[in-house]
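# Need the 3D shape of this:
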Amino acid sequence: MLKIPPALHHRRFRLLWLGLLISIAGSQMQVSALLWHVSTLSHEPIALGGIGLARIMPVIIFSLVSGSVADVYNRRKIMFFTQGTMTLISAVLCLLTLRGDISIWHIYLLTAIQAIANAFDLPARQALVPNLVPARDLPNAFSLQSIAYQAGAIVGPALGGLVIAYFGQAYVYLIDAISFLAVFAALIMMGSVEQKVSPSMQRGVSLTAIKEGIHFIFHQPVILSTMLIDFFATFFSSANTLMPLIARNVLGVGVVEYGWLNAAQAIGAVTAALVISQIGQIRRQGPLFLASVLSFGVSTILFGLAPSFLLAMLALILVGASDAVSTIIRNTIRQLQTPDYIRGRMTSINQIFFMGGPQLGEVEAGAVAQFFGPVFAVISGGVGCLLAVGLIVRRWPQLRLYSGEEPVVAGS
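Predicted structure coming up:
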């Protein structure tokens with residue numbers, strides 16, 4: 001029998017989680033809809049890779065600053081601003097599409113502006129969570145966040161395919177804009193949230209503060225190695241950007257089935273996250289993390305080899321389950337081993353890795369598919385993921401020995 005996860009007993013986290021559960025569904029609907037939109041405006045695979053470039057460049061440019069902002073200024077207030085910006089972008093996408101004036105450069109530009117907002121939103125949001133639940137419930141909180149993200153990734157793309165098919169592209173963007181209201185309600189209802197600010201940050205954002213965050217990461221081998229594995233695994237195994245081509249040209253299916261292909265990874269991820277949410281303490285976290293990333297690479301290869309829609313769905317479900325386990329464990333490791341005063345900077349550096357991997361991977365996948373076809377791009381990516389994990393573990397064997405019972409960093 002399922003029990004109520006411990007993190008949901010904390011009111012402020014429960015409010016944030018419910019708000020994100022709704023908002024993420026709208027955002028994931030928009031993500032898959034944008035790729036479909038671009039594929040209707042251009043038949044070149046490299047055009048789809050442009051979406052990844054538009055998403056990652058703002059992260060690379062602004063992440064180091066955004067982490068310092070999250071450690072200096074109120075994280076809850078930052079989220080009000082960032083969530084409002086993303087709401088406005090979705091509304092503009094809706095308006096341009098309804099008027100028939102939208103072109104690929106509009107999509108790239110608006111995606112980049114939204115990515116800037118997200119570059120500031122994520123460090124504030126992730127660093128806020130340890131302020132809402134005690135340390136013992138943090139793994140559970142991250143498993144619930146994974147459930148919220150992946151549940152949205154199931155409902156969003158599947159519903160988005162239906163909305164596009166029966167109502168039109170513009171209404172996906174309208175629904176996304178409305179979904180952000182749930183997060184605004186949660187932020188208002190939770191009230192103020194206390195956070196620690198180090199004396200060195202009292203003067204505001206500075207180059208010294210940014211250097212302090214970088215220095216911390218490079219002197220934490222377990223944290224650094226998880227970031228590097230995250231980057232290279234998702235760089236090589238990012239198949240999402242090629243999903244429209246796989247759906248149309250390889251599997252021979254339409255927009256509704258495309259929506260379900262996009263949702264398949266989330267189905268596996270939600271299942272895995274639900275299982276983890278029922279576990280009190282996760283032991284041998286390092287070996288489990290590595291096993292999940294290896295499974296991620298193998299499942300990606302199986303997806304590239306799949307000859308039918310159903311087998312492709314099954315492979316993507318395995319991809320999602322593997323990724324969920326990896327995400328929950330690595331987030332737990334990083335947040336527990338990082339003091340509160342520097343969590344924003346740690347998260348901002350981390351987002352360069354975990355967002356840079358898949359977004360640059362989309363560019364790489366589009367380029368490889370342009371010359372060798374989408375199937376080769378997917379399979380070779382899975383192989384690259386496996387090779388990268390082996391090389392990183394050889395360089396930082398500490399991760400293989402990490403149990404999760406190590407003492408928490410002083411000051412956290």
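
# State the helix or strand in which the residue nearest in space to the middle of the chain lies.
Compute the mean C-alpha point of the chain, and by CA atoms, centre = their mean the closest residue is M355, 6.8 Å away. Using DSSP states H and E, M355 sits in helix 343-372.

# Check which residues of that helix are buried.
Across helix 343-372, burial judged by 16 or more other CB atoms under 10 Å covers 343-366, 368-370. Heads up, the C-betas are built off the backbone N, CA and C, glycines and all.

# Run through the residues that contact the closest residue to I24 other than its chain neighbours.
In space, and not counting its chain neighbours, I24 is closest to G152: 3.2 Å by CB to CB, 6 or more residues apart in numbering. Going by CB atoms under 8 Å, 6 or more residues apart in numbering, G152 touches 20-28, 266.

# Also V255?
Neighbours of V255 in contact, by CB under 8 Å, 6+ apart: 36, 161, 164-165.

# looking at it, G384 is touching F231, isn't it?
No. With contact defined as CB atoms under 8 Å, G384 does not count as touching F231 (11.8 Å).

# Those two - which one has more neighbours?
Taking neighbours as other CB atoms under 10 Å, G384 and F231 compare with F231 leading, 22 against 19.

# hmm, back to that, make a markdown table out of the contacts of V255 and add distance to L187.
Output for the contacts of V255, formatted as a markdown table (distance: CB to CB, whole Å):
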| residue | distance to L187 |
| --- | --- |
| W36 | 31 |
| G161 | 30 |
| I164 | 30 |
| A165 | 34 |
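
# Out of those, grab the one that's most surrounded.
G161 (26 neighbours).

# nearest spatial neighbour of that one, skipping sequence neighbours?
Closest residue in space to G161, ignoring its immediate chain neighbours: G259 at 2.5 Å, by CB to CB, 6+ apart.

# Can you give me the neighbour number for the one you found?
Applying other CB under 10 Å, we find 26 residues neighbouring G259.

# who's in contact with it?
Counting by CB under 8 Å, 6+ apart, G259 has contacts 32, 157-162.

# what's the answer for I46, then?
366-367, 370.

# Kindly indicate which of the residues you listed lies nearest S380.
Proximity of the contacts of I46 to S380 (CB to CB) peaks at A367, which lies at 11.8 Å.

# Distance check, that closest one against A117.
Separation of A367 from A117 (CB to CB, to the nearest Å) stands at 27 Å.

# Just list the residues touching S292, thanks.
Counting by CB under 8 Å, 6+ apart, S292 has contacts 322-323, 325-326, 329.

# now with 6 Å?
Each residue near S292 by CB atoms under 6 Å, 6 or more residues apart in numbering is listed here: 322, 325-326.

# got a pLDDT number for it?
Reported pLDDT at S292 in the predicted model: 92.

# give me the element it is part of.
helix 285-305.

# buried set for that helix?
Quick answer for helix 285-305 (16+ other CB under 10 Å): 285-286, 288-290, 292-304.

# likewise stretch 221-228?
222-228.

# Stretch 370-384 too?
So, applying 16+ other CB under 10 Å, buried residues of stretch 370-384: 370, 374-375, 377-384.

# Reformat the contacts of G152 as TSV; add distance to L8.
As requested, the contacts of G152 are exported to TSV (distance: CB to CB, whole Å):
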residue	distance to L8
L20	13
L21	11
I22	16
S23	18
I24	17
A25	18
G26	22
S27	22
Q28	22
A266	20
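
# Of these, which is the nearest to A315?
Nearest to A315 among the contacts of G152, with distances taken as CB to CB, is A266, at 14.0 Å.

# these two touch, right, the closest one and I154?
Yes. Using CB atoms under 6 Å, A266 makes contact with I154 at a distance of 4.1 Å.

# between the two, who's got more neighbours?
Neighbours per residue (other CB under 10 Å) separate A266 from I154, with A266 holding more: 28 against 22.

# That one - nearest residue in space that isn't next to it in sequence?
Among residues not flanking A266 along the chain, A153 sits closest, at 3.3 Å (CB to CB, 6+ apart).

# Just give the number of residues close to that neighbour.
Neighbours of A153 (other CB under 10 Å): 26.

# ok, now S308?
S308 is flanked by 11 other residues according to other CB under 10 Å.

# For it, give its distance to V250.
The gap separating S308 from V250 is 10 Å, by CB to CB.

# Give the residue spans of this protein that score low on pLDDT.
Across the chain, the ranges flagged by pLDDT under 70 are 1-2, 45, 49, 195-205, 238-239, 279-282, 359, 404-412.

# returning to that earlier point: helices or strands up against the helix holding M355?
Where contact means 3 or more CB pairs under 6 Å, 6 or more residues apart in numbering; DSSP states H and E, helix 343-372 is packed against helix 45-72, helix 104-128, helix 207-218, helix 221-236, helix 374-395.

# Can you report phi and psi for S42?
Backbone torsions for S42, taken as degrees, to the nearest 10, come to phi -150, psi 140.

# how deep is it tucked in, by neighbour count?
For S42, the neighbour count with other CB under 10 Å is 13.

# Y166: neighbouring residues, count only.
Y166: 9 neighbours (other CB under 10 Å).

# Hmm, I typed the wrong one, I wanted A135.
Count around A135 with other CB under 10 Å applied: 12.

# Same check on L391?
Neighbour number of L391 under other CB under 10 Å is 11.

# how close does it get to A135?
For L391, the distance to A135 - CB to CB - is 32 Å.

# and if you look at L181?
From L181 to A135 the distance is 32 Å (CB to CB).

# Who are the contact partners of L302?
Contacts of L302 by CB under 6 Å, 6+ apart are A315.

# Now do the SS call for L316.
helix (DSSP: H, G, I helix; E, B strand; the rest coil).

# Next, count neighbours for the nearest residue to it once chain neighbours are set aside.
Take L316 and drop its neighbours on the chain: the residue closest to it by CB to CB, 6+ apart is A264, 3.6 Å away. Neighbours of A264 under the rule other CB under 10 Å: 25.

# what's the spacing between A264 and I104?
Shown here: A264 relative to I104, a distance of 27 Å by CB to CB.

# From the chain's centroid, how far away is the helix or strand encompassing M189?
Counting by DSSP H and E, the element that carries M189 is helix 181-190. Relative to its parent chain, helix 181-190 has a centroid offset of 21 Å by CA atoms, centre = their mean, to the nearest Å.
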